[in-house]
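Asks: Curious how this folds, go ahead:
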Amino acid sequence: AHDADPLAIHDLIINRNGQEVTLGGEPINLTYTEFSVLHFLARCPGSVRTRSQIVDAVRGQDYVVTERAVDVHIGALRKKLGDAGHYLETVRGVGYRFRE
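Replies: This next block holds a predicted model:
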């Protein structure tokens, strides 16, 4: 899929262009980094991503994202996504994946 196309996974829509995420039609307010983490994982559902791969993918120019911070962002995403938080699966000792 083209990077600019919205990703639709079940009732979760991730729109790269407007940095918007909606769940069942309701907008979800994410930080830039939370959005980047979610988009990176959701682009390849089922693929396990290590924390360092996530860090490399979302690292902003202006601040450092640490591996520990990845856990914090995943936790915040799960909270904001509510029931859909189960899409973000922890792979013990490796990292995370977006469950299909």
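
Asks: Going along the chain, name the strands of this protein.
Replies: Counting by DSSP state E, the chain has strands at residues 7-9, 12-15, 20-23, 26-28, 48-50, 88-91, 95-98.

Asks: other SSEs contacting the longest helix along the chain?
Replies: Using DSSP state H, we find that the single longest helix of the chain is helix 67-81. Counting contacts by 3 or more CB pairs under 8 Å, 6 or more residues apart in numbering; DSSP states H and E, helix 67-81 packs against helix 32-43, helix 51-58, strand 88-91, strand 95-98. For the C-beta atoms, the positions are set from N, CA and C on the backbone; glycine is no exception.

Asks: Identify each buried residue in the first one, please.
Replies: Okay, so that is helix 32-43. Buried residues in helix 32-43, counted by 16 or more other CB atoms under 10 Å: 33-43.

Asks: Give me the angle between that helix and helix 51-58.
Replies: For helix 32-43 against helix 51-58, the angle by axes from the mean of the first three to the mean of the last three CA atoms, to 10 degrees is 110 degrees.
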